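Engineer: this is the structure alone, sequence omitted:
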């Protein structure tokens, strides 16, 4: 989304104090992936890619509620691990999930780390929130040592397409066929181009799947958690409209495609 419509998604105060004041909205969106087929443990799949030995220094930039920090802990990672997020509320949730990790509140475009401080930098589903994604990418490169890796996780253009189409159809004043971007100004294809300008090599890994949701409840919770919905004057009417569109013709099983990917940069 461009212009004024995109501002809440990149307004750092809005992200910190409204959408991600706690991890409730993010947790609602994460919970829908329990219905994914095939089921993809995305943090595990992503962290399998760089061949970690366990002693590396890792910075998770935009760590959210700590899914990747928790995955590192479950693997018995012994190296220093730092979670960085703009929102203190998200950091509190991350600390609960990964109590041995250090966490700090900071802007992804001005990281409080020395040059070459990390062997691995993660940026999972966060670059589209950065007002200047290129500045955030430069910071990821700056803090990562020679021989290290930067892992950037983004969504493909077709990710949640059925949900986005239903939201566009239900949103008052939205032209037919126009998709709601859900704040994702930067998707997988464009992210690969952006990263290729900053790194010697960028290798892409795709994780396609599908949500098979037996009823409207999880979808309604997902839509209810979104900035797009929360800005509307009658959010519950919008939630019901989206649910009705998705359930039309097959209310017993809602099917929504998923497509995330990881860009491994060196």
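Structural biologist: On my side now, so go ahead. Bear in mind the structure is a predicted one, so any value in this text is a computation, not a measurement. Residues are numbered from 1 along each chain as shown.
Engineer: drop to CA atoms for contacts and neighbour counts, all remaining ones
Structural biologist: Fine.
Engineer: so where is the stretch 151-266 of the chain shaky, pLDDT-wise?
Structural biologist: Along the stretch 151-266 of the chain, segments meeting pLDDT under 70 span 172-184, 249, 251.
Engineer: which stretches of the chain form helices?
Structural biologist: 7-10, 12-14, 24-31, 42-48, 67-74, 88-97, 133-143, 161-170, 188-196, 217-224, 227-230, 235-247 (DSSP state H).
Engineer: mind checking which of those helices is nearest residue 109?
Structural biologist: Taking C-alpha to C-alpha, helix 133-143 is the member of the helices of the chain nearest to residue 109, at 4.4 Å.
Engineer: so what does that closest one touch, helix or strand wise?
Structural biologist: In terms of contacts (3 or more C-alpha pairs under 8 Å, 6 or more residues apart in numbering; DSSP states H and E), helix 133-143 is packed against strand 118-124.
Engineer: okay, now the sheet partners of the strand it packs on, with direction.
Structural biologist: strand 58-61 (parallel), strand 144-155 (parallel) (DSSP bridges).
Engineer: looking at these, which is buried most?
Structural biologist: Most buried of the strands paired with strand 118-124 by mean neighbour count (mean count of other C-alpha atoms under 10 Å) is strand 58-61; its value is a mean of 26.
Engineer: export the strands paired with strand 118-124 to TSV and tack on distance to residue 99?
Structural biologist: Output for the strands paired with strand 118-124, formatted as TSV (distance: least, C-alpha to C-alpha, whole Å):
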stretch	distance to residue 99
strand 58-61	14
strand 144-155	23
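Engineer: out of those strands, nearest to residue 191?
Structural biologist: Among the strands paired with strand 118-124, strand 144-155 sits nearest to residue 191 (C-alpha to C-alpha), with 7.5 Å.
Engineer: which residues does the residue nearest to residue 73 when sequence neighbours are not counted contact?
Structural biologist: Counting by C-alpha to C-alpha, 6 or more residues apart in numbering, residue 98 is the residue found nearest to residue 73 once chain neighbours are left out, at 6.6 Å. Under the criterion of C-alpha atoms under 8 Å, 6 or more residues apart in numbering, the neighbours of residue 98 are 66, 69-70, 73.
Engineer: now the two most distant members of the residues you listed.
Structural biologist: Across the contacts of residue 98 (C-alpha to C-alpha), the longest gap, 10.3 Å, separates 66 and 73.
Engineer: compare the two (neighbour count), which wins?
Structural biologist: A direct count of neighbours by other C-alpha atoms under 10 Å for residue 66 and residue 73 places residue 66 higher, at 27 against 18.
Engineer: do you know the pLDDT at that one?
Structural biologist: For residue 66, the pLDDT comes out at 97.
Engineer: just the pLDDT for the residue nearest to the spatial centre of the chain.
Structural biologist: When C-alpha atoms, centre = their mean is applied to the chain, the residue found nearest the centroid is residue 125 (2.4 Å). Per-residue pLDDT puts residue 125 at 96.
Engineer: distance check, residue 244 against residue 168.
Structural biologist: Going from residue 244 to residue 168 by C-alpha to C-alpha, to the nearest Å gives 13 Å.
Engineer: more crowded one of the two?
Structural biologist: residue 168 (20 against 16).
Engineer: any idea how far that one is from residue 235?
Structural biologist: Residue 168 is 14 Å from residue 235, by C-alpha to C-alpha.
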